[in-house]
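> following is a predicted model, sequence given first.
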Amino acid sequence: LSDRLTSTFKNLRSKGRLTESDIDGTVRQIRRALLDADVAVPVVREFTGRVRERALSAEVSGALNPAQQVVKIVNDELVGILGGESRALNFAKTPPTVIMLAGLQGAGKTTLAGKLAKHLREQGHTPLLVAADLQRPNAVTQLQVVGERAGVPVYAPHPGIASEAEVPTGDPVEVSRGGVTEARAKLHDVVIIDTAGRLGVDQELMRQAADIREATQPDEVLFVIDAMIGQDAVNTAKAFLDGVDFTGVVLSKLDGDARGGAALSVASITGRPILFASTGEQLTDFEPFHPDRMASRILDMGDVLSLIEQAEKAFDADQAASMAQKIVSGDGFTLEDFLVQMQQLRKLGSMKKMLGMLPGMGQMRDAIDNFDEREVDRVEAIIRSMTPQERTSPKILNGSRKARIARGSGVTPAEVNQLLTRFESAQKMMKQMGRSGGLPGMGGMPG
Ligand code: GDP
Ligand code: MG
């Protein structure tokens, strides 16, 4: 059996490359997953094209089957585009550090200003919030409320808006400049400038944001974008990149249903890193952005899982067929076969870690989680300590043989017995499956 396995790998290796049909089936599923996640169509096209190219030129790995290998390439590419490691804020060498927020109205800038202020304060900084949104009624009051909750002062030279209809007067550029001056005077080491947005991209708004940028020379310009924006992410991000330019992105409303395709769209179109994720209306709903988690979310674990299951099925088809053959022909399911099954389960376990899979994998995940790596080593050691005859006919294992095997594999005789009991129940299951005509699956695997 293991000879058979070796020759399968030899065949793949001698091909040296993954075949187009290996790749295309998997890439098709990746494309569907990305479109489902609302990644912009041109981004999906470019991304899948690049994955296909990389996969075609990839050396065939002995450890992974082709579909698994494509999934790994996809995951690597996704994490790479999303920024690899999470990036932290850049602080100015000479304080104050100026952080300017930009984005459409309703994107979550003001909320983020509060979250960021609270986060920085907790890290020992002394931030100052600056109310430079003089566009919308109540925008200043909203920031004042948020500042109070965060325990951070707000610079607002036009306070006291009495009615919702009243729009504060004043020049947002002057207010921003004043905010930085105020911070310097009062020894605030970070300034967070909350700016105005429009419902759609708008030239006047862009010019205003660019002027604020020019006047305050921010260390970071954070573009805040609603994760639910979907296909519009590309145009909005491009407009802000051209109109204001930004150093980083914050993805807001990630607590919604959106799978977060906007993250991939924006990162891919602008090349700017995503720094934070905003995940709710409370000030504490805020976290550093994790590219690997986002990759999992975009691909959706369910989809990745089904890919791996399919891959695994293809991988096992040969072995399963030869096992079924043995059972039907009366050769029986041996301890060697049992070991191969356990080793496959282990392979699946390391696959899980490699892809950084997180929640929602259901039964398969439980099987993998409950799986003890050392157990495979122990089983392997025990079986390796048996003679070929003992492996095919475990019935002949008497007390002294078991004691010898236990000594040889460094376990207790009781552990040898345990293994034999488990093997017998697996064997029984295999026999039943053989009789019912189905191909045996992987032992100990639900479903
Ligand atoms: P701005 O116009 O860009 O300043 O956006 P706001 O900060 O005023 O947010 C607009 C709306 O979105 C408000 O009702 C916020 O409470 C809400 N909001 C902001 N961030 C989040 C978030 O991460 N999750 C959810 N669920 N709502 C958010
Ligand atoms: Mg606002």
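Thanks, I have it. Ligands and ions are numbered 1, 2, ... in the order given.
> quick one: the strands in this structure, in order.
97-102, 127-132, 154-155, 190-195, 220-226, 248-252, 274-278, 286-288 (DSSP state E).
> save these as TSV, and put in distance to Leu116, mean neighbour count and mean pLDDT too.
Quick note: C-beta positions are derived from backbone N, CA and C, even for glycine. Below are the strands of the chain laid out as TSV (distance: least, C-beta to C-beta, whole Å; neighbours: other C-beta atoms under 10 Å; pLDDT from 0 to 100):
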stretch	distance to Leu116	mean neighbour count	mean pLDDT
strand 97-102	7	26	98
strand 127-132	8	29	97
strand 154-155	13	24	96
strand 190-195	6	30	98
strand 220-226	8	24	97
strand 248-252	8	25	96
strand 274-278	7	25	95
strand 286-288	7	16	92
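> quick one, which of the ones you listed is nearest to ligand 1?
strand 274-278 (3.6 Å; C-beta to the nearest ligand atom).
> I'd like to know which elements the closest one is packed against.
In terms of contacts (3 or more C-beta pairs under 8 Å, 6 or more residues apart in numbering; DSSP states H and E), strand 274-278 is packed against helix 109-122, strand 220-226, strand 248-252, helix 261-270, strand 286-288, helix 291-299.
> now render the ones you listed as CSV, adding distance to Thr421.
CSV is the format used below for the helices and strands packed on strand 274-278 (distance: least, C-beta to C-beta, whole Å):
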stretch, distance to Thr421
helix 109-122, 55
strand 220-226, 57
strand 248-252, 52
helix 261-270, 49
strand 286-288, 47
helix 291-299, 38
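> how about JSON lines for the strands of the chain, with distance to ligand 2 added?
Shown next, in JSON lines, are the strands of the chain (distance: least, C-beta to the ion, whole Å):
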{"stretch": "strand 97-102", "distance to ligand 2": "8"}
{"stretch": "strand 127-132", "distance to ligand 2": "9"}
{"stretch": "strand 154-155", "distance to ligand 2": "13"}
{"stretch": "strand 190-195", "distance to ligand 2": "6"}
{"stretch": "strand 220-226", "distance to ligand 2": "9"}
{"stretch": "strand 248-252", "distance to ligand 2": "11"}
{"stretch": "strand 274-278", "distance to ligand 2": "13"}
{"stretch": "strand 286-288", "distance to ligand 2": "16"}
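> could I get those as JSON lines with distance to ligand 1?
Below are those laid out as JSON lines (distance: least, C-beta to the nearest ligand atom, whole Å):
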{"stretch": "strand 97-102", "distance to ligand 1": "8"}
{"stretch": "strand 127-132", "distance to ligand 1": "11"}
{"stretch": "strand 154-155", "distance to ligand 1": "14"}
{"stretch": "strand 190-195", "distance to ligand 1": "7"}
{"stretch": "strand 220-226", "distance to ligand 1": "6"}
{"stretch": "strand 248-252", "distance to ligand 1": "4"}
{"stretch": "strand 274-278", "distance to ligand 1": "4"}
{"stretch": "strand 286-288", "distance to ligand 1": "8"}
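> ok, back up a step: nearest to Thr236, of the helices and strands packed on strand 274-278?
With C-beta to C-beta as the criterion, Thr236 lies closest to strand 220-226 of the helices and strands packed on strand 274-278, at 6.6 Å.
> which residues sit against that closest one?
With contact meaning C-beta atoms under 8 Å, 6 or more residues apart in numbering, strand 220-226 is reached by 89-90, 97-104, 106-109, 112, 213, 233, 236-237, 240-241, 244-253, 262, 266, 270, 272, 275-276, 278.
> what's the answer for stretch 240-248, then?
87, 90, 102-103, 201, 203, 206-207, 209-210, 213, 218-223, 269-270, 272-275.
> would you mind listing the buried residues in that stretch?
Judged by neighbour count using 16 or more other C-beta atoms under 10 Å, the buried positions of stretch 240-248 are Phe240, Leu241, Gly243, Val244, Phe246, Thr247, Gly248.
> list every C-alpha atom in it, with coordinates, as CSV.
The C-alpha coordinates for stretch 240-248 follow below in CSV (Å, rounded to 0.1, in the frame of the first residue of the first chain):
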residue,chain,number,x,y,z
PHE,A,240,-9.9,59.1,-2.3
LEU,A,241,-6.5,57.8,-3.4
ASP,A,242,-6.4,60.3,-6.2
GLY,A,243,-8.1,63.2,-4.4
VAL,A,244,-6.5,63.0,-0.9
ASP,A,245,-4.2,60.0,-0.9
PHE,A,246,-4.0,58.0,2.3
THR,A,247,-1.4,56.0,4.2
GLY,A,248,-3.7,53.3,5.6
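> could you tell me which residues of this protein lie near ligand 2?
Neighbours of ligand 2 within the chain, by C-beta under 5 Å from the ion: Lys109, Thr110.
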